[in-house]
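Asker: How does the following fold in three dimensions:
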Amino acid sequence: MSLNGRLKITFCLLLLSAVTVKAQNLSFARNVIDSLCAPGMAGRGYVKNGSATAALFIESQFKQLGVNALKGGYHQHFTLPVNSFPGKMKLVADGNVLIPGKDYLIRATSPTVNGRYKIVSPRAVSNEKRFVRYIKRKTNGKFLMLDEKILKIHKNIADSLLQTNFVRAAGYIVLRDKPLVWSIFSGAAPQDFPVIDISHQARKRGFKKLEINVQSEFLPAYPVSNVIGYLPGTRFPDSIVVIGAHYDHLGMMGSETFFPGANDNASGVAMMLTLAKHFVTSPPEYTLVFMAFAGEEMGLKGSSWFTSHPLFPLKQIKLMINLDMVGTGSEGITVVNSNHYPGVYNRLVRINADNEYILKVAPRGESCNSDHCPFFMAGIPAVFIYALGKEYTEYHNINDIAAKLPLSEFEDITRLLIDFLNAY
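Answerer: Reported below is the predicted structural model:
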């Protein structure tokens, strides 16, 4: 066989090997995301041991891959306060049974409530004094319904109502024109009156009567854990790069409705584990520490706990890379804190330009919106990477499911990060 023929065969074998590795990585990532979004994970929250089940799954992945535990084991335990909804979740308006997650959401601050109530729907009069007099006179012991027009015209009053309930309403209904988005962050400080967000599409005629049965349980010290593993560096084991991703999500709203959290943030955990899978067989010169954080949705609790209770000296961390919502990518990625760390950003841009992995590496300034922030605030170089793309927009709802998540540029983003870490 000629030299030219041997070169062609070698090139084809290398290409086939690259394609095979890419397919294996995507299959591995899909399996991780499918597992984390399964009903048995209960939305990775605070009902049916969802958070703990997810933490044990990540520990098992570390063990299978060959990622080492720190001296005290894989788990860093702590507690957090949270208002949970473990039981009844029933809402009937004028005889119409509403579907939790689809038609309505219960604010995380809401208490247990069970009963039948009249609904007051005030007009959006422009005179604030008349509006306040009306609701004080009509609302006591009833549910007050606020639509988008009232929220806009009487924003300050509406905010005060929903925070203090100064008219002593039985509760509040807020009609939403935009898609419903749930948050559990406020559940750390529950209130003594319920607030329900209802989609305008779910509202039939009127809404004059409400039957409600919601069971909540405030847990002042719910046990959770960060899951942490590492791969020692071959030359500089005391120099550390942290790869982080939060594994928690919103959990359950009632005993049947759960929020899968495929993009937010099963995708980030899958990418973190895919990176671990790669570097187990080809470790870099410095130590890689992989951190799966608990409690991000409750206010960056896991990352804050680690930085205030570090398991090794923080000064050893040369860089922290946070991965959150990386399940798309058709429009590239964004690097938060790029203005603070131009060296990191420019290297990512240069590697991407040389290899044409993704459409763009976009810069963004400081933003304390994910688990990079506590590291950054502690003086540690930290960036947050998330994917860009309109091909998938589900967020904090029951439709953020594994089967729909495209993983459009998952492998190429992973490849970009591997090249970056090898060159760091």
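Asker: Any regions of the stretch 101-250 of the chain where pLDDT drops low?
Answerer: Within the stretch 101-250 of the chain, the ranges that satisfy pLDDT under 70 run 124-125, 204-206.
Asker: Would you map the helices across it?
Answerer: For the stretch 101-250 of the chain, the helices defined by DSSP state H, counting those that start in this stretch occupy 128-139, 148-153, 155-164.
Asker: what angle sits between the longest one and helix 155-164?
Answerer: Right, helix 128-139. 30 degrees (axes from the mean of the first three to the mean of the last three CA atoms, to 10 degrees).
Asker: what's helix 128-139 in contact with?
Answerer: The set of residues external to helix 128-139 that reach it, using CB atoms under 8 Å, 6 or more residues apart in numbering, is 120, 122, 124-125, 144, 154, 157, 161, 167-169. Using the backbone N, CA and C atoms, a C-beta is placed for each residue, glycine as well.
Asker: Mean neighbour count and distance to Ser308 added to the helices of the stretch 101-250 of the chain, as JSON lines?
Answerer: Below are those laid out as JSON lines (neighbours: other CB atoms under 10 Å; distance: least, CB to CB, whole Å):
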{"stretch": "helix 128-139", "mean neighbour count": "15", "distance to Ser308": "43"}
{"stretch": "helix 148-153", "mean neighbour count": "15", "distance to Ser308": "37"}
{"stretch": "helix 155-164", "mean neighbour count": "14", "distance to Ser308": "29"}
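Asker: For Phe279, which of the ones you listed is the nearest?
Answerer: helix 155-164 (47.5 Å; CB to CB).
Asker: Spit out the contact partners of Ile196.
Answerer: The contact partners of Ile196, by CB under 8 Å, 6+ apart, come to 91, 104-107, 110, 171-174, 212.
Asker: Closest one of those residues to Ile198?
Answerer: So of these, ranked by how close each gets to Ile198 (CB to CB), first place is Tyr104, at 4.6 Å.
Asker: Break the chain down into its structural domains.
Answerer: 23-83+220-423, 89-214 (automatic domain parsing).
Asker: from these, which stretch is densest packed?
Answerer: Mean neighbour count, computed with mean count of other CB atoms under 10 Å, is highest for domain 23-83+220-423 among the domains of the chain, reaching a mean of 20.
Asker: Save the helices of the stretch 101-250 of the chain as a markdown table, and put in distance to Trp305 too.
Answerer: What follows is the helices of the stretch 101-250 of the chain, written out as a markdown table (distance: least, CB to CB, whole Å):
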| stretch | distance to Trp305 |
| --- | --- |
| helix 128-139 | 41 |
| helix 148-153 | 36 |
| helix 155-164 | 28 |
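Asker: what stretches of the stretch 251-400 of the chain score poorly on pLDDT?
Answerer: Applying pLDDT under 70 to the stretch 251-400 of the chain picks out no residues at all.
Asker: all strands of the stretch 301-424 of the chain, in order?
Answerer: With DSSP state E, counting those that start in this stretch as the criterion, the stretch 301-424 of the chain has strands at 317-323, 332-336, 361-364, 382-388.
Asker: Return the distance of Arg203 relative to His154.
Answerer: 20 Å (CB to CB, to the nearest Å).
Asker: Of the contacts of helix 128-139, just say which sits nearest to His249.
Answerer: The closest of the contacts of helix 128-139, once distances to His249 are taken by CB to CB, is Leu161, at 29.5 Å.
Asker: For beta bridges, what are the partners of Asp197?
Answerer: Leu105, Val174 (DSSP bridges).
Asker: just checking, it touches Asp103?
Answerer: No. Assessed by CB atoms under 8 Å, Asp197 is found out of contact with Asp103, at 9.8 Å.
Asker: who touches stretch 65-73?
Answerer: In contact with stretch 65-73 (CB under 8 Å, 6+ apart) are residues 62, 228-232, 273, 276-277, 280, 290, 311-312.
Asker: what about that stretch, average pLDDT?
Answerer: Averaged across stretch 65-73, pLDDT comes to 97.
Asker: Show the end-to-end separation of it, please.
Answerer: Stretch 65-73 has its terminal residues 16 Å apart, counting by CA to CA, to the nearest Å.
Asker: repeat for stretch 357-372
Answerer: Stretch 357-372 has an end-to-end distance of 24 Å (criterion: CA to CA).
Asker: chain center to stretch 187-203: distance?
Answerer: 20 Å (CA atoms, centre = their mean, to the nearest Å).
Asker: Can you tell me the SS state at the residue most central in space within the chain?
Answerer: With distances taken as CA atoms, centre = their mean, the residue of the chain nearest its centroid is Asp264 (3.7 Å). At Asp264 the chain is in helix, as set by DSSP: H, G, I helix; E, B strand; the rest coil.
Asker: Now do it against Met272, distance only.
Answerer: Distance of Asp264 to Met272, given as CB to CB: 14 Å.
Asker: likewise Ala38?
Answerer: In terms of CB to CB, Ala38 sits 19 Å off from Met272.
Asker: Please apply the same query to Thr234.
Answerer: Counting by CB to CB, the gap from Thr234 to Met272 is 21 Å.
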